[in-house]
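Trainee: Sequence and computational prediction follow.
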Amino acid sequence: QKEVEQNSGPLSVPEGAIASLNCTYSDRGSQSFFWYRQYSGKSPELIMSIYSNGDKEDGRFTAQLNKASQYVSLLIRDSQPSDSATYLCAVNTLMDSSYKLIFGSGTRLLVRP
Amino acid sequence: GAGVSQSPSNKVTEKGKDVELRCDPISGHTALYWYRQRLGQGLEFLIYFQGNSAPDKSGLPSDRFSAERTGESVSTLTIQRTQQEDSAVYLCASSLGEPQHFGDGTRLSIL
């Protein structure tokens, strides 16, 4: 069973702090990695994609990928209360001869004002 | 439209009834996906359409579930003889390669 694992949280951080969200995956052959944000009652919204080892920055968001250790993380700098949401890690995984996007169960982030 | 459109946004039905959910993908997107998300859970893959290829139905939980897609346009997900455990949000996504873009989902409640 190929899996994507996330800590369910909640992860609680004060406003202005750095929030660090982590995700591990089991398929060593995975090549594409995504972070989605999902507000309560809403659909997932893509915020970051990463394909190569290292860091990728976009505004306050930084995605980090380490294929050797099979983890991908998302850092949110200067966290705001509006960042409070569930963050879903998704990994493109070869299953049954085709690639599927496998989602973790999500980490709930709470940013305290 | 600009995004993935799903209808209805909410559906309440009695146990044993059939339901049909609709997804209108982003124009030009060749791939279309259906997912199920139970309350507080992650996304569960159901079915995937890519162009005119045979769909990947490996995620459908039972033979009560089926889906169709007309070419590269609208898709319908049908659940027959609904059960209470079918209550969930059903999300549709489309893509041209990567990444996937989601619709707002249909919240299905089985009484």
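Mentor: Right, received. Where do you want to start? For clarity, every value in this text was computed on a predicted model and none was experimentally measured.
Trainee: what about stretch A:95-113, average pLDDT?
Mentor: Per-region confidence: stretch A:95-113 scores 87 on mean pLDDT.
Trainee: Just the terminal-to-terminal distance for it.
Mentor: End-to-end distance for stretch A:95-113: 42 Å, by C-alpha to C-alpha, to the nearest Å.
Trainee: Tell me the gap between that stretch and the middle of its chain.
Mentor: 6 Å (C-alpha atoms, centre = their mean, to the nearest Å).
Trainee: Can you list the buried residues in it?
Mentor: A:95, A:99-109, A:111 (16 or more other C-beta atoms under 10 Å in any protein chain shown). Placement of C-beta: from N, CA and C, glycine included.
Trainee: Residue B:26: neighbour count?
Mentor: By other C-beta atoms under 10 Å in any protein chain shown, the residues close to residue B:26 number 17.
Trainee: so where does it fall, helix or strand?
Mentor: Under DSSP states H and E, no helix or strand contains residue B:26.
Trainee: Name the nearest residue to it, sequence neighbours excluded.
Mentor: residue B:94 (5.1 Å; C-beta to C-beta, 6 or more residues apart in numbering or on different chains).
Trainee: In the beta-sheet assignment, what are the partners of that neighbour?
Mentor: For residue B:94, the beta-bridge partners are residue B:32, residue B:101 (DSSP bridges).
Trainee: ok, it - contacts?
Mentor: B:4, B:23, B:25, B:26, B:29, B:31, B:32, B:33, B:100, B:101 (C-beta atoms under 8 Å, 6 or more residues apart in numbering or on different chains).
Trainee: before we move on, back to that, just the ones of the buried residues of stretch A:95-113 in strands?
Mentor: Counting by DSSP state E, the buried residues of stretch A:95-113 place A:95, A:99, A:100, A:101, A:102, A:103, A:107, A:108, A:109, A:111 in strands.
Trainee: Touching, residue A:6 and residue A:105? I think so.
Mentor: Yes: using C-beta atoms under 8 Å, residue A:6 makes contact with residue A:105 at a distance of 6.0 Å.
Trainee: Next, count neighbours for residue 17.
Mentor: I'll assume chain A. For residue A:17, using other C-beta under 10 Å, the count is 14.
Trainee: my bad, the chain I had in mind was chain B
Mentor: That count, for residue B:17 with other C-beta under 10 Å as the rule, works out to 13.
Trainee: Indicate whether stretch A:20-36 makes contact with chain B.
Mentor: Yes: counting by C-beta under 8 Å from any C-beta of the partner chain, chain B is contacted by stretch A:20-36 at A:32, A:34, A:36.
Trainee: Produce a ChimeraX select command limited to the buried residues of those residues.
Mentor: Provided next is the ChimeraX selection string for whichever of the residues of stretch A:20-36 next to chain B are buried by 16+ other C-beta under 10 Å:
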select /A:32,34,36
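Trainee: hmm, back to that, could the ones in strands among the buried residues of stretch A:95-113 go into JSON lines alongside distance to residue B:66?
Mentor: JSON lines is the format used below for those (distance: C-beta to C-beta, whole Å):
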{"residue": "A:95", "distance to residue B:66": "21"}
{"residue": "A:99", "distance to residue B:66": "23"}
{"residue": "A:100", "distance to residue B:66": "19"}
{"residue": "A:101", "distance to residue B:66": "21"}
{"residue": "A:102", "distance to residue B:66": "23"}
{"residue": "A:103", "distance to residue B:66": "23"}
{"residue": "A:107", "distance to residue B:66": "33"}
{"residue": "A:108", "distance to residue B:66": "33"}
{"residue": "A:109", "distance to residue B:66": "37"}
{"residue": "A:111", "distance to residue B:66": "42"}
